[in-house]
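Enquirer: Pasted the sequence and its predicted model underneath.
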Amino acid sequence: MSKFYVTTPIYYVNGAPHIGHAYTTVVADALARHYRQRGDAVFFMTGTDDHGLKVQRAAEEAGQSPKALADRNSAVYAGLFEQLGLTHDRFIRTTDPDHEAAAVELVRRMQAAGDIYLGHYEGWYAASDEAFYDASEIEDGHARGSGAKVEWVQESSYFFRLSRYAERLLAWYADPSAPVQPESRRNEVASFVASGLKDLSISRTTFDWGVAWPDDPEHVLYVWVDALTNYLTGAGAFADPERMARWWPADLHLIGKDILRFHAVYWPAFLMSAGLDLPRQVLAHGWWVDERGEKGSKSKGNVVEVWPLLERYTLDSLRYFLLREKPLATDGVFSERRLVERNNNELADNLGNLVNRVLKMVERYEGGIVPDGHRSDAARDQELRERCQATRGEVEAAIDAREPNVALEAIFALSSACNLYVNDLRPWDLAKSDDPLRLSQVLYHALESIRQILVLAAAFLPDASRRGMAGLSLGGDAALAYAGLDWGGLPVGARVKAPALLFEKIDLDEPDAEPTGEGSEPGSPMAHEASASRGPVAEASAGTTIGMADFERVELRIGAILAAEPVTGADRLLRLSVDLGEASGPRQIVAGIAESYAPAALIGCRVAVVANLAPARIRGVESQGMLLAAQTAGGGLELAQFGQDVPLGTRIR
Ligand code: MSP
C-alpha cells in the first residue's frame, strides 16, 4: 500500500472564499478520494493562512483584532468546505499551536545550517501578494506579474541565504521524476533561478501579526515562511517522528500558478537548508477567468462566489464542471452556460439516462433482481467487458498524470459505449422474444458496466455515485474499492431499484423569478425598500397603530454576512451572501449600504433580515431579503446588528 499526502494552499483570511479557492480544494478532494479507492493511505490537508500584513490591514479596516478576523473568516472557509462535502483529514490554521512551534523550529534548523543572518531590507513589498519584488519587476508602482500595488519598505530583517541554493534547485528541476509541473512552469522557475538568486528577507518588524522570531520578539516570521511550513506541521514535523516518517515528503502540493515561486524556489530551498526531503510534486494549475480572460478580482467586481452557485446547482454538477471543463494546467473560462450544458448533455443525458433506463428495465423485465448473465461469449459482451477494464486503466493513468478531465472523458466514453450497447441489443425486444438467457446476459452486462462506471466516477461525482450504487443495493466505502472492479462484482440475485433521477436537467433560460417588487427602486437606501412598503402591512402609514397579527406577518431573522462585494455599475449597492441557517444555503441580498460599509468590514456581522419578503431584482441582481438599517445624523446608514451568540435564523420579535 502506498501513501498519498496531498495539500492545497492555505487561504488568506482577509476576505471571503471564491471559486478559485473552491477549485483547488475540489481537485485535491477528487484526487484524495480516488487514491483512497485504490487502497492508498491518504492524508489530505487544507486550511487557512491566518497571519501577515494583508490580514492585519483587513482587520484594521474592519475595526477588529487580527485574531478575531482570522477566527471568523477561517470558520467561513471551513464552513464552505463542509458544505462542499470535502473529505480533508485536517483543516489547518497557521495560528494552531503545533503549527507555530513547527514554524519556529524550521527557522532554528535554517539558523543551525548557517543560512540566516541579520541585515537590513530596503525594497518593494506588495501586501496583497505578501511578496518582495525586485525593482526590475515593478512598473508604475505595481508588480508586473500580479498587478499588486507595491510599497517601499525599509527595516531590519533576517535574511535567508537563498543564493546558496541555486545549483541544487536547478538540479532538482532537472530530476527525471519532474517534481515541478507542468513543464512550462518548471521552465519558468528554472530561468528565474538561473538568472541569479538574491538572499531573501524572511522577517518583518513593522507589524506584529505573525509568529514571533525565535529569541528576537521584535521580528515576526515572514508570512510565507510561516505559511509554507504548514505542510510540515500536517506531517507531524519536529514533534512526532513516527508520523513524519509515515507522511513526509508530501506527494503533491497542488497550487495556483501565481504562487509557484514560493513553492518551487523558496520552499525547496528552506527544506534543503533544514535537511528535509523535498516534496515529490509541486503542481501549478491555471486560473478560472472571465470571458475577457481576466482572473476574478474584488476591485474589478468579477469574482465568482461559490454560495450562489450552490443555490443553483448540485455539488456534483459543480464538481463535474470544474474537473471536466479545462485541463488542470491551463486557464479556463468560468461559464455557467457551459456548466449547464455539461450538466444536461453529459450528466443527465448520458450517465443519468443510462442508469435510469437500465435499472427500470431490470425492474420491469427481471422483477428488480440482478439476472444471472455475467458469463457469455457474445462478441458485443466481451467488447464491453474489455472496455470496462481498459477504462479503469485509463482513469488510473489520467489521475496519476493529474488529468482529471481526461479521466472523466474516459468514464463518459464508457457510459456512451454502454448506452450504445443497450440501444443496439434492445432488451425491450429480447423481453418479447423467447430467449430469456440472452436478455439476462444483456441486462447483466449493462448493470455491471454501470457499477463499474459508478465506482470509477465516485471520486468526481460522489453523490450521484452513492445514489446509483444504492440502486444496485451496494453501499459504503468497500463497494467503491478499485480492488472490487473485476468483472462480475455485482452479485447475481441482488435487488435493483431505480434511484430518483441522478441528475436533473437545468433550464438555463428559465426566466428568473421576476420582480415581485415592480416598485423596487435600485437607488433606495435599503434594497427592497419599495416592495417592503407595499401590501397589507404597509397600509398602515406613520402614526397608525397595527395589531400584533400584522407585525407577526413580517418575519425578521438573524443572519450572518458571509460575503460582500460591490454591484458593478451601482455605487451604492453591495451584493451580500447572508446565512440565515437555512438548509437551502445562504441567501443573496442586495443592499444599498456601499457608501457606509466597506465589504470586508461586513464579513461575519450578524444582522436583522426581513426573511419573508418576496424576491426582487435590483440592477439585474436577485435580492432574497432585506437588511434593516437606520439613517445616521450624518446621512450614512447603520445596520441593526447583533452579537455572535445569537444563533443564525433566530426570529426577532
Ligand atoms: N496564503 C497564500 C497561500 C499560502 S500556501 C502555503 C495564498 N492564498 S490565497 O487565498 O490568496 O490564494 C490561494 C490560491 O487560490 C492560489 O493558489 C491561487 O492561485 C488560487 N486562486 C485565486 N484565484 C484563482 C482563480 N481565479 N482561479 C483559480 N485559482 C485561483 O496565496
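Expert: Looks like it came in fine.

Enquirer: How about the helix or strand containing residue 167, which residues are buried there?
Expert: When secondary structure is defined by DSSP states H and E, residue 167 falls within helix 166-173. Neighbour-count burial for helix 166-173, with 16 or more other CB atoms under 10 Å as criterion, is recorded at 166, 169, 172, 173. (C-beta placed from N, C-alpha, C; glycine too.)

Enquirer: now what about that helix, what contacts it?
Expert: Identification of contacts with helix 166-173 by CB atoms under 8 Å, 6 or more residues apart in numbering yields 179-180, 186, 189-190, 193-194, 196-197, 264-265, 268-269, 272, 278.

Enquirer: which one of those has the most neighbours?
Expert: The most crowded member of these is residue 264, carrying 29 neighbours; neighbours defined as other CB atoms under 10 Å.

Enquirer: got a pLDDT number for that one?
Expert: The confidence metric pLDDT takes the value 98 at residue 264.

Enquirer: so how many other residues sit close to the residue of the stretch 201-350 of the chain found nearest the ligand?
Expert: When distances are taken as CB to the nearest ligand atom, the stretch 201-350 of the chain approaches the ligand most closely through residue 256, which lies 1.6 Å from it. Using other CB under 10 Å, residue 256 is surrounded by 19 other residues.

Enquirer: what's the burial count for the residue nearest to it when sequence neighbours are not counted?
Expert: Spatial nearest neighbour of residue 256, excluding adjacent residues (CB to CB, 6 or more residues apart in numbering): residue 285 at 6.0 Å. Taking other CB under 10 Å as the criterion, the count of residues near residue 285 is 24.

Enquirer: Residue 285 touches residue 328, doesn't it?
Expert: Yes. Residue 285 lies in contact with residue 328 (CB atoms under 8 Å); the separation is 4.6 Å.

Enquirer: quick one: residue 300 is in a strand?
Expert: No. According to DSSP: H, G, I helix; E, B strand; the rest coil, residue 300 belongs to no strand; its state is coil.

Enquirer: That one touches residue 294, doesn't it?
Expert: Yes. Under the criterion of CB under 8 Å, residue 300 lies in contact with residue 294, with a separation of 6.6 Å.

Enquirer: So which of the contacts of helix 166-173 are in helices?
Expert: Of the positions in the contacts of helix 166-173, 186, 189, 190, 193, 194, 268, 269, 272 sit in helices, assigned by DSSP state H.

Enquirer: what would the residues you listed look like in JSON lines with pLDDT and distance to the ligand?
Expert: Formatted as JSON lines, the entries for those read as follows, by pLDDT from 0 to 100; distance: CB to the nearest ligand atom, whole Å:
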{"residue": "186", "pLDDT": "97", "distance to the ligand": "17"}
{"residue": "189", "pLDDT": "97", "distance to the ligand": "15"}
{"residue": "190", "pLDDT": "98", "distance to the ligand": "20"}
{"residue": "193", "pLDDT": "98", "distance to the ligand": "19"}
{"residue": "194", "pLDDT": "97", "distance to the ligand": "24"}
{"residue": "268", "pLDDT": "98", "distance to the ligand": "13"}
{"residue": "269", "pLDDT": "98", "distance to the ligand": "15"}
{"residue": "272", "pLDDT": "98", "distance to the ligand": "17"}
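
Enquirer: Considering those residues, which is situated nearest to residue 573?
Expert: The shortest approach to residue 573 among those belongs to residue 189, at 42.3 Å (CB to CB).

Enquirer: correct me, but the closest one touches residue 181?
Expert: No. Taking contact to mean CB under 8 Å, the distance of 11.1 Å between residue 189 and residue 181 leaves them out of contact.

Enquirer: Domain-wise, how is this structure divided?
Expert: With automatic domain parsing as the criterion, the domains of the chain are listed as 337-484, 525-642.

Enquirer: Least confident of these, on average?
Expert: When mean pLDDT is averaged over each of these, domain 525-642 scores lowest at a mean of 79.

Enquirer: How about that domain and the ligand, touching?
Expert: No. In terms of CB under 6 Å from any ligand atom, no part of domain 525-642 sits within range of the ligand; the closest distance is 13.9 Å.

Enquirer: neighbours around residue 3, how many?
Expert: For residue 3, the tally of surrounding residues (other CB under 10 Å) stands at 12.

Enquirer: ok, now residue 72?
Expert: The criterion is other CB under 10 Å. On that basis, residue 72 has 18 neighbouring residues.

Enquirer: Does it fall in a helix, a strand, or a coil region?
Expert: Residue 72 ends up helix, using three-state DSSP.

Enquirer: need the contact list for it.
Expert: If a contact means CB under 8 Å, 6+ apart, then residue 72 has 64, 603, 604 as its contacts.

Enquirer: Repeat the analysis, applying 7 Å as the threshold.
Expert: For residue 72, the set of contacting residues under the criterion of CB atoms under 7 Å, 6 or more residues apart in numbering consists of 603, 604.

Enquirer: interface residues of the stretch 101-250 of the chain facing the ligand?
Expert: If contact is defined as CB under 6 Å from any ligand atom, the residues of the stretch 101-250 of the chain in contact with the ligand are 227, 228, 230.

Enquirer: Give me the phi and psi angles of the last one.
Expert: Backbone dihedrals for residue 230, given as degrees, to the nearest 10, come out at phi -60, psi -30.

Enquirer: can you pull out the strands in the stretch 1-150 of the chain?
Expert: Using DSSP state E, counting those that start in this stretch, the strands of the stretch 1-150 of the chain run over 3-12, 41-49, 90-93, 116-126, 131-133, 138-139, 142-143.
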